[in-house]
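Enquirer: this one's structure only:
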């Protein structure tokens, strides 16, 4: 009889355990989000501009190499 009660409690605990751990995790995430140092509007704008400039530079660089290799292959008749 004691084993049946212990097993029953064990099953119930195993069913509740993932949800308890999920709520604990979400609570910890919420507390960590309060500790984050969020960027200001000006910092976000500046970072966005830097990323766009970097994308343009890399795109031009890859485009130049693509053009060079395309011309090289055209010269070799491939």
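Expert: Received it, and whenever you're ready, just let me know what you need. What you see is a predicted model; the values in this text were computed from it and never measured. Numbering: from 1, shown residues only.

Enquirer: What is the neighbour count of residue 62?
Expert: 10 (other Cβ atoms under 10 Å). Bear in mind the C-beta positions are built from the backbone N, C-alpha and C, glycine included.

Enquirer: Residue 48 versus residue 56, what's the distance?
Expert: Distance of residue 56 to residue 48, given as Cβ to Cβ, to the nearest Å: 13 Å.

Enquirer: domains of this structure?
Expert: According to automatic domain parsing, the chain comprises the domains 1-36, 38-78.

Enquirer: Could you provide these in a markdown table, with additional columns for mean pLDDT?
Expert: Below are the domains of the chain laid out as a markdown table (pLDDT from 0 to 100):
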| stretch | mean pLDDT |
| --- | --- |
| domain 1-36 | 78 |
| domain 38-78 | 95 |
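
Enquirer: Next up, the contacts around residue 34.
Expert: For residue 34, the contact set (Cβ atoms under 8 Å, 6 or more residues apart in numbering) is empty.

Enquirer: quick one: what helix or strand has it in it?
Expert: Using DSSP states H and E, the element containing residue 34 is helix 2-35.

Enquirer: Any buried residues in that helix, and which?
Expert: By neighbour count on 16 or more other Cβ atoms under 10 Å, the buried set for helix 2-35 is empty.

Enquirer: quick one: the helix or strand following that helix to chain centroid distance?
Expert: Counting by DSSP H and E, the element after helix 2-35 in chain order, helix or strand, is helix 41-75. Using Cα atoms, centre = their mean, to the nearest Å, the mean C-alpha position of helix 41-75 is found 23 Å from that of the whole chain.

Enquirer: again, but for stretch 19-26
Expert: That offset, for stretch 19-26, works out to 21 Å (Cα atoms, centre = their mean).

Enquirer: what's in contact with it?
Expert: With Cβ under 8 Å, 6+ apart, stretch 19-26 has no contacts at all.

Enquirer: going forward, begin numbering at 18 instead of 1
Expert: In the new numbering, first residue 18, that becomes stretch 36-43.

Enquirer: what's the distance between residue 81 and residue 89?
Expert: Residue 81 is 13 Å from residue 89, by Cβ to Cβ.
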